[in-house]
Structures are given as structure tokens and as C-alpha cells.
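*Asks:* Generate coordinates for the sequence data below:
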Amino acid sequence: MHAETKNKGAVIISLVVLVAAFVLHFYVDVGNMMGRWQNPDFSYCYLVPVIFAYLVYSSRKSIRGLALRPSAWGFVVLGAAVALQLMGRLSSIETVASVGIWLAIVALALLILGRQIVKKLAFPFLVLFFIVPLPPFLNNTFTFKLKLISSALSVEMMHWVDIAVFRQGNIIDLGVTQLQVVDACSGLRYVYPLFLMALVFAHLFHRTWWERVIVVAAAVPISVISNALRIAITGYLTIKVSPQVADSFFHGFSGWLIFMVSFLFLAILSWILKRLSGDRGRIQGKQVDGKREEGRAGVPRIGGVRSSYVWMASGVFVASWLLNSAVVSSQVIPQRKAFETFPMTLGGWTGEKTYIRDEILDQLWSDDYVQAEFRNPQTGNMVLLFVPYYEYQGTMHTAHSPVACLVGGGYAPLRRQVLRRDFPDPFGPVEIRQMVFERGRDFLLSNYWFQQRGRVIASEYWNKWYIFWDAITKRRTDGALVRLEMPLRRGQDLETAQAAMDALTQDLMKILPAYVPN
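*Replies:* Reported below is the predicted structural model:
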């Protein structure tokens, strides 16, 4: 008895050390991940651990009596987790580091509980994956398309009740006011929690695969339709009652109302499917077809934990933390000119510097930047040049993908393609990205690329890879995003506009390496 008590004490001590090592290793990444949860699109993430805990608790009968059989495969998963965390931190991809957190939790479950119990808890661990927010550019690209669909549907709804309305891109014109779809579709932030709830509904209340597929697939269209209803109600109140009442509804409780309506639609769909299938069973794992599931007596005992595995996992966390610290602290910051000396004359273009508001600058994370409006009196064109520079790049301190930033202001994306250009020495042939936007009869041409440690990179994905690779091989992660935007003059064709922008770019690239080192 004394030996058993002593063994339990050793296991408890090893588990306490493991928790401390986990916190030491992931402290920064958990903070960054929870910072993303502050975004209204991902505020539902705070509820994910609660739902996970409930699902684990509701699965207690299926794991009752199962012996703890710690699996050494957990070390393989743990190795992948710390590798993802290192890659995510060095490549400045928060999502990859967050996936590493989730995978580390799965690895610890394998090392402590064993494969048999983890298999029983597969669905709760799937739900726990929802703590990982999507990357901003993927999230904005995905939701922007849904916003346009939702806005188009809301316009049709308003036409049904004889409200005159006109839509341009992501602007809904009601005559007396305008609704920006970027804001008016904030109800679409509930698409993720509704998708999560659809998964939980499908798991708890449905047993056939086709029912589960229908319930989960319905989450996105339900969110779009419900949000279109929200926009239509706002438009109706604006025209039939008053803009003040509409604004109160729009900025008040309408978001939560839409979520409750969406949740109600999902519950009704689930009920209809159960009626059609003839399934009258209750929540799975509690009562099905009148028969209560019975688990075997007893609960997994802590004495089954292998303290050696726990100590080894703690060692992995500490070693990985030391490696992270060594790599980050050894980064080289090259010498460069400050953008305050950037010239305001480039060939036939004359510029005037503009400045970013402090609240936007805080979200930009850059160490230096230049923003200027360049005008060409011969062509009559204006180009906005924006170059944020980063002395080093990591999570919460890196160049943003410009795709999300360029989508907005009433513009809708028309085209996105790669252009091949020949830049001045030492670059030579390179690829840059071109985007074209439309708002009514107005068009906006944009070129951008990542200029990083002597490379010109068009792809956001390759840019992240090179940040990670150069952090290891060159001990450098410095770099910049180069972005140029040109509103097209009425009647100006795209080829002429691109030629004018190419001429400015050639002059720009002759001087930019002094400010963005190769």
C-alpha cells in the first residue's frame, strides 16, 4: 500500500512538471492564439474548451473501466507538434503554431491515456481543433465571398417588399444611406460557431452518415440566408421607420438575434431529419432506442501513468524551448537607410508622403514604413506606394498578406494573376502579383510582392517558407511588403495603366534595395 501511494506521488509530481514545461514552451503561442480570439470572427473559440470538456464528460461511460496503456507513438506526434510550433514561429504563421498546440495536447493524451482511450475521445479532440483560428487572408477571402452572396440575397429580399435598393460590390445603396457589406455582413462571423454546433448536433443526435453530412453542410447556407435577412431588416427599418432605429438594430442585438435564428434553423433541420429517418433515440451515449448504454465499472487509475514518459515529454518541451530561444536570439538585423530619407521623385513621378493612423500602425507591426502618393503629370495617373519594413519577422510581427486589405472600400475583386517582369540588377526576371478591383464603373489596379533578403516573391506561401528557411540558414528574417495601387482613369485600359505602373516600378527598384537590404 505504501509503495502504491509513493508511486502515485511520483506520478503527480511528474504531471505537475509536465504542465509547467508545456506552459513554458507554448506560453507565447497561446497568448498569440488567444489574441486572435479577440477578433469577433473568432470569439467563439473561448467556448471550445468548455464544449470539449462536456464531450469528454459525456463520453465517460465509453471509457469507464479502460486501463491506461500509455503509447510511445505519442512521442512521434509530440515531435510533429514541436516541429510545427517552431516552423510556425519562425515563418510567422500563427495558425501553424496554434496547430502545434492542439497536436501537443493530442500527443500528451496518447502518452498518458493510451491509444484506446484517445480513440474513444476522437470526436472531442476534433472539436478542440476549433481553438485554431484561420489565417487572416484565408478567413477574409472566404468570408468576403460569402458576404457578397449574402448582400445579393438581401437585395432580392428588399425588392420583394418594394424597397428600391442598388448594390455596387460590397456597398448597398438605400438612397438615404449606404450599408457596407464588410460591416453589414458581420453576422457571418457566426458561420464558424454554427459549423461547430452543426458538428456537435450531427454527433450527438444523428447516427446515419447522410444525416450528419446534411446537418454539417447546411451550416454555411443557413448563416448566409440568416445574415441576408438581417441586412434586409436593416434596410426595411431604414426606409420605412428611420435610419436611427435601423442603426440601433444594426449595431445592437441583431448579431445575436441572427445567431439564434440560425441556431433555430439548424435545430429544425435536425428534427426534420430525425423524423424522416424514424430515429427517436436521444443523445448518443445516453439512451438510444430505449436502451441505456452501460459501461464497465471503474475508472482509469492514475497509477497506470508511466512517469518515465511524462518526464521525457517534459524534457522535449524544455529542449524545444531552448532551441526556439537560441534561434530567435541569434537573428541578424542588417544595416539599411531609414524611410524618412526616401526620395519623393521617381523618374517622371512626383510624390507626397502620407501617414498611417496610430491604431492602424499598431496592427501593422512594422518597424519602418513609407506611404506616398505619386503623380505623373504626363499620364494623369496617381499611384499609392506602401512599403512596410520589418527588421525581423515572427508571429505578431510580420508582413500581412495584402489580399484582405485590398478587399473593401466598396471594391470587389475581378482578377488576380502573376506577372513576369524584368527588374533592375541584382534581381533580373521576377514574378509579381497583379489584382484588379471593380466598384461600379471605377477600377483599381494593384501590384504587390514580398521583397525579402534579396528575393522578390509573389506567393504568400513561398514567402512564409523562405522566412522559415532563412531564419535557419541565414539567421535573417527581415523583409518588406511592396504594394502599389492605381485608380484607373475613365476610359483608360488595363494594359496602358499597367505599363505606367511598370515604368514607376523600374525606377523604384533602382533605389529600394538601400531601404530593404538584399
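*Asks:* secondary structure element for Ile432?
*Replies:* strand 428-439 (DSSP states H and E).
*Asks:* helix or strand right after that strand?
*Replies:* Immediately after strand 428-439, counting by DSSP H and E, sits strand 442-452.
*Asks:* List the buried residues in that next one.
*Replies:* By neighbour count with 16 or more other Cβ atoms under 10 Å, strand 442-452 contains the buried residues Phe443, Leu444, Leu445, Ser446, Asn447, Tyr448, Trp449, Phe450, Gln451, Gln452. All C-beta atoms are positioned from the backbone trio N, CA, C, and that covers glycine.
*Asks:* chain center to it, what's the gap?
*Replies:* Counting by Cα atoms, centre = their mean, to the nearest Å, strand 442-452 is centred 22 Å from the centre of its parent chain.
*Asks:* what pLDDT, on average, does the helix or strand that Tyr27 is a member of get?
*Replies:* Using DSSP H and E, Tyr27 falls within helix 2-37. Averaging pLDDT along helix 2-37 gives 84.
*Asks:* still on that earlier bit, which helices and strands sit right next to the strand holding Ile432?
*Replies:* helix 402-406, strand 412-423, strand 442-452, strand 455-457 (3 or more Cβ pairs under 8 Å, 6 or more residues apart in numbering; DSSP states H and E).
*Asks:* Report the angle between it and strand 442-452.
*Replies:* If you take axes from the mean of the first three to the mean of the last three Cα atoms, to 10 degrees, strand 428-439 sits at 150 degrees to strand 442-452.
*Asks:* Quick one: mean pLDDT over strand 428-439.
*Replies:* Mean per-residue pLDDT for strand 428-439: 90.
*Asks:* how about the CA coordinates for it, as PDB?
*Replies:* Below are the C-alpha coordinates for strand 428-439, written out as PDB (Å, rounded to 0.1, in the frame of the first residue of the first chain):
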ATOM      1  CA  GLY A 428      16.600  40.200 -63.000                       C
ATOM      2  CA  PRO A 429      13.500  38.100 -64.000                       C
ATOM      3  CA  VAL A 430      10.900  38.000 -61.200                       C
ATOM      4  CA  GLU A 431       7.200  37.300 -60.600                       C
ATOM      5  CA  ILE A 432       4.900  39.800 -59.000                       C
ATOM      6  CA  ARG A 433       1.200  39.700 -58.300                       C
ATOM      7  CA  GLN A 434      -1.500  41.700 -60.100                       C
ATOM      8  CA  MET A 435      -5.000  42.300 -58.800                       C
ATOM      9  CA  VAL A 436      -7.900  44.200 -60.400                       C
ATOM     10  CA  PHE A 437     -10.900  45.500 -58.400                       C
ATOM     11  CA  GLU A 438     -14.200  47.000 -59.500                       C
ATOM     12  CA  ARG A 439     -16.700  49.300 -57.900                       C
END
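*Asks:* Please tell me how far it is from the chain's geometric centre.
*Replies:* Using Cα atoms, centre = their mean, the offset of strand 428-439 from its chain centre is 23 Å.
*Asks:* What of stretch 428-441?
*Replies:* The chain centroid and the centroid of stretch 428-441 are separated by 23 Å under Cα atoms, centre = their mean.
*Asks:* buried set for stretch 336-343?
*Replies:* Neighbour-count burial for stretch 336-343 flags Arg336, Phe339, Phe342 (criterion: 16+ other Cβ under 10 Å).
*Asks:* about what we covered before: any chance of the helices and strands packed on strand 428-439 in a markdown table, with mean pLDDT and distance to Leu108 too?
*Replies:* Listed next are those as a markdown table, based on pLDDT from 0 to 100; distance: least, Cβ to Cβ, whole Å:
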| stretch | mean pLDDT | distance to Leu108 |
| --- | --- | --- |
| helix 402-406 | 64 | 34 |
| strand 412-423 | 88 | 42 |
| strand 442-452 | 92 | 36 |
| strand 455-457 | 95 | 37 |
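*Asks:* okay, these in a markdown table with distance to Leu481 next?
*Replies:* Formatted as a markdown table, those follow (distance: least, Cβ to Cβ, whole Å):
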| stretch | distance to Leu481 |
| --- | --- |
| helix 402-406 | 6 |
| strand 412-423 | 16 |
| strand 442-452 | 6 |
| strand 455-457 | 10 |
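*Asks:* For Ala326, find the nearest of those.
*Replies:* Closest of the helices and strands packed on strand 428-439 to Ala326 is strand 442-452, at 22.4 Å (criterion: Cβ to Cβ).
*Asks:* returning to what we had before: which of the buried residues of stretch 336-343 fall in strands?
*Replies:* Using DSSP state E, no member of those sits in strands.
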